[in-house]
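**Student:** the sequence isn't on hand, but the structure is:
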């Protein structure tokens with residue numbers, strides 16, 4: 001986020017209105033559109049949901065936690081968090 005001078009950006013009338021509420025302070029103006037949920041924009045959310053589903057399924061079919069950790073390059077504790085949720 002880059003600093004911008006409001007005097008250069010806003011019309012004079014709007015700047016006067018804002019100055020009635022605050023002067024000489026940094027002001028954050030959020031985007032109009034709400035943020036997307038984590039991972040929905042690039043597909044990572046669906047990737048991890050599918051990966052975790054696969055880990056749970058393989059564990060239910062008898063694959064040991066230590067073997068799953070090695071295959072998925074995760075720690076044993078990470079696999080346990082996925083499996084025992």
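**Tutor:** Received it, and whenever you're ready, just let me know what you need. Quantities reported herein were computed from a predicted structural model and do not represent experimental measurements. Numbers count the residues shown, from 1 in each chain.
**Student:** any idea how many residues pack against residue 76?
**Tutor:** Using other CB atoms under 10 Å, residue 76 has 13 neighbouring residues. The C-beta positions use only the backbone N, C-alpha and C, and glycine is treated the same way.
**Student:** how about it: what's its closest non-neighbour residue?
**Tutor:** In space, and not counting its chain neighbours, residue 76 is closest to residue 69: 4.7 Å by CB to CB, 6 or more residues apart in numbering.
**Student:** how about that neighbour, secondary structure?
**Tutor:** Secondary structure state of residue 69, per DSSP: H, G, I helix; E, B strand; the rest coil, is helix.
**Student:** which residues touch it?
**Tutor:** Contacts here follow CB atoms under 8 Å, 6 or more residues apart in numbering; on that basis residue 69 touches 75, 76, 78, 79.
**Student:** low pLDDT regions in the chain?
**Tutor:** Where the chain drops to pLDDT under 70, the residues are 1.
**Student:** taking the centroid of it, which residue is nearest it?
**Tutor:** Nearest to the mean C-alpha position of the chain, by CA atoms, centre = their mean, lies residue 38 at 3.8 Å.
**Student:** my guess is that one meets residue 48, correct?
**Tutor:** No. Using CB atoms under 8 Å, residue 38 is not in contact with residue 48; the gap is 9.9 Å.
**Student:** number of nearby residues for residue 52?
**Tutor:** Residue 52 sits with 16 neighbouring residues when counted by other CB under 10 Å.
**Student:** which helix or strand contains it?
**Tutor:** For residue 52, the element it lies in under DSSP states H and E is helix 44-60.
**Student:** any buried residues in that helix, and which?
**Tutor:** Within helix 44-60, the residues scored as buried using 16 or more other CB atoms under 10 Å are 52, 55, 56, 58, 59.
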